[in-house]
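K.L.:
Got a sequence here, can you build the structure:
(chains A, B, C and D)
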There are 2 protein chains.
Amino acid sequence: MKVSVEQLQHPPDVNDRMCPSRGVLEHVTSRWGVLVLIALAEREYRFSELRRRVAGVSEKMLAQTLQNLERDGFVHREAHPVIPPRVDYRLTPLGVEAAELVGGLAHWVERHTPTVLATRLVYDAAR
Amino acid sequence: MKVSVEQLQHPPDVNDRMCPSRGVLEHVTSRWGVLVLIALAEREYRFSELRRRVAGVSEKMLAQTLQNLERDGFVHREAHPVIPPRVDYRLTPLGVEAAELVGGLAHWVERHTPTVLATRLVYDAAR
DNA sequence: CAGGATCCGCAGGGATACTG
DNA sequence: CAGTATCCCTGCGGATCCTG
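P.N.:
Below you'll find the predicted structure:
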């Protein structure tokens, strides 16, 4: 089989280059991205507040998630020059829309989870 | 409608039982799950048709994704006892709803991707 | 307190070969 | 054609330490 040079030049992330919207979608639907958006949908949070709210997230992943969401324009970061440091995170107008959509999806999933679990039992029982 | 963050969390293994909805959500929002749902939203597909339609997915991941979606009750699998084998995949009524939601989210992201990319440029330029 | 820097384990996922 | 089985590896994400 012949392989084009172009394919070899950019082996990684070909899809990302061709379809950047996939990357954006993965940011908002990522494991912690979903939870952060839903949390910030209710109100503004500080870093460690958010860390407690989204229990289980590591500092690293929370920082990374927030940076992605800020870079994409979904979250606004406001650092107050005080000691000790204080940083507030809130949704941008774009973030509010995104949070409504992912929140809607999450809520729909929650409502139908019992059905899904029952379906799984039937599926698993059939083998 | 408000969605609580607590109900969606499952950092350790135990939380899968405490919060199974998170698992369901990850199935439909997974990298390939989203694309499969969107593809099947337009029409019924066969396995290798779907593989060509969802460019970049490996056989393994497509099979795994389809099994998850079938087990959760979003996709119906119909195998025809012919040679060569022929298997059709289509959305269930529940899957249609799910596909509408993830599709809505995906299309919203697509519409706002130019804005996001522009925002990223500004963000990156600021450092 | 808000995060950067580092190390590292392990499972998610790709490539390939094989089967019914 | 529609998968399953196998090998293999990277990169996600957790833990820990450090700084402003």
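K.L.:
Stretch A:72-83 close to DNA strand C?
P.N.:
Yes. Looking at stretch A:72-83 against DNA strand C by CB under 7 Å from any atom of the strand, the contacts come from A:77, A:79. Using the backbone N, CA and C atoms, a C-beta is placed for each residue, glycine as well.
K.L.:
Now find how far off-centre that stretch is within its chain.
P.N.:
From the chain centre to the centre of stretch A:72-83 is a distance of 18 Å (CA atoms, centre = their mean, to the nearest Å).
K.L.:
again, but for stretch A:88-100
P.N.:
What separates the centre of stretch A:88-100 from the centre of its chain is 12 Å, taken as CA atoms, centre = their mean.
K.L.:
Over to stretch A:119-127?
P.N.:
From the chain centre to the centre of stretch A:119-127 is a distance of 31 Å (CA atoms, centre = their mean).
K.L.:
repeat for stretch A:51-70
P.N.:
Here the centre of stretch A:51-70 is set off from its chain's centre by 10 Å, with CA atoms, centre = their mean.
K.L.:
Now do it, average pLDDT.
P.N.:
Stretch A:51-70 shows a mean pLDDT of 94 in the predicted model.
K.L.:
For that stretch, buried residues please.
P.N.:
Neighbour counts over stretch A:51-70 (16 or more other CB atoms under 10 Å in any protein chain shown) mark A:51, A:53-54, A:57, A:61-62, A:65-66, A:68-70 as buried.
K.L.:
Against DNA strand D, which of these make the cut? List them.
P.N.:
Filtering the buried residues of stretch A:51-70 for proximity to DNA strand D (criterion: CB under 7 Å from any atom of the strand) leaves A:57, A:61.
K.L.:
So which of the buried residues of stretch A:51-70 is the closest to DNA strand D?
P.N.:
When the buried residues of stretch A:51-70 are compared for distance to DNA strand D (CB to the nearest atom of the strand), A:Met61 comes out closest, at 3.8 Å.
K.L.:
of the buried residues of stretch A:51-70, closest to A:Arg22?
P.N.:
For those, the closest approach to A:Arg22 (CB to CB) belongs to A:Asn68, at 13.7 Å.
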